[in-house]
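A.B. asks: build me a model:
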Amino acid sequence: MKQYAIIGIILTLCFQAFTSNNNLLIPEEAIRLRVLANSNSSEDKKLKMKVSETVQKNLYQLLKDTKGIESARNKINENLPSLKQQISNTLKLENSSIPFQLDYGIHYFPQKVYKGVTYEEGEYESLLVTLGKGEGDNWWCVLFPPLCIMEAEETEVKEETEYKFFIQELIEKYL
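C.D. replies: This is a model prediction of the structure:
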């Protein structure tokens, strides 16, 4: 009888874990970052990722202590010339002379499924970096609240941390 109760608890926990992922939503008051590659060539994709890393790193420093969305908007707008220069420097370091545009405003985002969560297409407040013709795949994340920065930090921590599966430990302990 005790085993059935434990199995029931484990199944309930599994169900909650799997269904809760589908309920993750980006807050309504959020600012996204989107980087559009020139094309889908491997060189253009690599360049897109280099630019996204540069922008994320610099915006993390800029927004890490920001408390509200209005403050985040102001900081982004005030620092657009600096961000433009940082992107230009990144492209030079990559030996690229590709033109780019940087725009902060309302932009279209296609639907995306990521880690089992569907993010609906629509018009969203964002910082948009378009490399060249902008005909390649896009990369995006949420700048404020800093969800993409937190995820990047989590990835770094996972490499150094050993995780254990709670449900597996329960099964091994009681069955």
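A.B. asks: use CA for all of it now, contacts and neighbours both
C.D. replies: Will do.
A.B. asks: what sits closest to residue 98 if chain neighbours are left out?
C.D. replies: With CA to CA, 6 or more residues apart in numbering as the criterion, residue 98 has its nearest non-adjacent residue at 5.7 Å, and that residue is residue 132.
A.B. asks: mind pulling up the pLDDT for the one you found?
C.D. replies: Per-residue confidence (pLDDT) for residue 132: 97.
A.B. asks: and if you look at the one 3 residues further on?
C.D. replies: Predicted confidence (pLDDT) at residue 135: the value is 96.
A.B. asks: ok, residue 25 next?
C.D. replies: Confidence score, pLDDT, at residue 25: 65.
A.B. asks: same check on residue 161?
C.D. replies: Listed pLDDT for residue 161 reads 37.
A.B. asks: coming back round to it: the residue nearest to residue 98 - how many residues pack around it?
C.D. replies: Counted by other CA atoms under 10 Å, the residues lying close to residue 132 total 17.
A.B. asks: for the longest helix along the chain, packing partners?
C.D. replies: Longest helix in the chain, counting residues (DSSP state H): helix 42-63. Helix 42-63 is packed against strand 31-36, helix 69-78, helix 80-93, strand 138-144, with contacts defined by 3 or more CA pairs under 8 Å, 6 or more residues apart in numbering; DSSP states H and E.
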